[in-house]
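>>> sequence plus predicted model, see below.
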Amino acid sequence: MSNMETHPAELAYASEDLPEQGIEILTARKVPLGGPRAMTVRRTLPQRSRTLIGAWCFADHYGPDDVALTGGMRVAPHPHTGLQTVSWLFSGEIEHRDSHGNHAFVRPGELNLMTGGFGISHSEVSTQRTTLLHGMQLWIALPQAHRHAARNFQHYVPGLVPLDGGEARVFLGSLAGDTSPVPTFTPLLGAELSIEPDATVHLPVNEEFEHGVIVDSGRVLMNGTPLSAAELGYAASGLTTLTLTNASPQQARVVLLGGPPFQEEIVMWWNFIGRTHEDIVQARDAWQGGSDRFGRVVGYDGDRLPAPTLPNATIAPRKNPAS
């Protein structure tokens, strides 16, 4: 998915292992995805109070969206550098085309992981079979050693893992005795969790990881801290057990993200991740100039997205605020 903001945040990020205690609550801001009947997404990462969770650097949460009213998702070909995209649906279907030659359909409970590396472009369009579109789009920052990795696309269907009080689908990393076979460039955890009404789930987790829980539905307590729908709860590294309680009479659903604190400084603007302002300038110029760096998406009916105008100042480093 593209960042459709016409004035993307002029930010650079330095990830720090902050000595935060307890659970930090991040609220989402609403961002129109584009078009005359713009579908709205709820964005919890990045923001000024928290820029990354492990290597996870971007989280959009959308739906359930009645496509008859909004027109659904129609994101024209757009570029990415220095990152991977994770598409994860709860309902609906999205047609994916990319410049590596992949034509795939994103469906509920199925991981679609695209590696941008040095440069890739893709389009995303909800299909005619879709009535309700509901899911998440996540980005992963690539470490310096692999930020120019070759274009790639991987598809994986995780099985259901029974939990005492719920169930899980582990799409990246390891949790509850299940491990995704999909390789990542840094250690990561990504899983969808369903929690039964009025139930509590206790999950052993890697204490070297920091963790984020994004609530899709239900009233969830994360280690005793209440989270509402669309909020993200953050826990610093050092946690050995994650306790999630569904304090509602209906089933709750969350997405759990994790990874060791990302120690490298990154610059993120629009759909690009680099290390310097000049990296961003070069990527934007290449896209606007039709460079082969991003390839060509075949089969999309329409024009590609133009890049927004760059800020009139150098994108300067910015750190997470001290706890």
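Arrived safely, thanks for sending. Numbers count the residues shown, from 1 in each chain.
>>> bridging residues for Ile214?
Leu232, Val255 (DSSP bridges).
>>> for it, report the pLDDT, please.
pLDDT for Ile214: 98.
>>> got the domain boundaries for the protein?
Under the assignment automatic domain parsing, the domains of the chain span 26-157+272-291, 160-260.
>>> put together JSON lines for these, with distance to Arg304 and mean neighbour count on each row.
For the C-beta atoms, the positions are set from N, CA and C on the backbone; glycine is no exception. Below are the domains of the chain laid out as JSON lines (distance: least, Cβ to Cβ, whole Å; neighbours: other Cβ atoms under 10 Å):
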{"stretch": "domain 26-157+272-291", "distance to Arg304": "4", "mean neighbour count": "19"}
{"stretch": "domain 160-260", "distance to Arg304": "27", "mean neighbour count": "19"}
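>>> figure out which of these is closest to Val298.
With Cβ to Cβ as the criterion, Val298 lies closest to domain 26-157+272-291 of the domains of the chain, at 6.9 Å.
>>> quick check: mean pLDDT across the closest one?
94.
>>> show me where this structure has helices.
Secondary structure of the chain (DSSP state H): helices at 67-70, 277-288.
>>> chain center to the first one: distance?
From the chain centre to the centre of helix 67-70 is a distance of 23 Å (Cα atoms, centre = their mean, to the nearest Å).
>>> determine the set of other helices and strands touching that helix.
Using 3 or more Cβ pairs under 8 Å, 6 or more residues apart in numbering; DSSP states H and E, no helix or strand is in contact with helix 67-70.
>>> check the last one too.
With contacts defined as 3+ Cβ pairs under 8 Å, 6+ apart, the packing partners of helix 277-288 are strand 265-269, strand 272-274.
>>> now render these as JSON lines, adding distance to Gln154.
As requested, these are arranged in JSON lines below (distance: least, Cβ to Cβ, whole Å):
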{"stretch": "strand 265-269", "distance to Gln154": "22"}
{"stretch": "strand 272-274", "distance to Gln154": "19"}
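>>> which of these sits closest to Asp98?
Asp98 lies closest, by Cβ to Cβ, to one member of the helices and strands packed on helix 277-288: strand 272-274, at 16.2 Å.
>>> who touches the residue lying closest to Val86 once chain neighbours are set aside in this structure?
In space, and not counting its chain neighbours, Val86 is closest to Leu138: 4.1 Å by Cβ to Cβ, 6 or more residues apart in numbering. By Cβ atoms under 8 Å, 6 or more residues apart in numbering, Leu138 lies in contact with 56, 58-60, 85-86, 88, 190, 257.
>>> repeat for Asp216
Asp216 is in contact with 61, 90, 136, 229-230, 253-255, counting by Cβ under 8 Å, 6+ apart.
>>> Arg151 too?
98-100, 115-120, 295.
>>> how far away is it from Ser121?
Arg151 sits at a distance of 9 Å from Ser121 (criterion: Cβ to Cβ, to the nearest Å).
>>> which neighbours do those two share?
The contact lists of Arg151 and Ser121 share 98-99, 295, where a contact means Cβ under 8 Å, 6+ apart.
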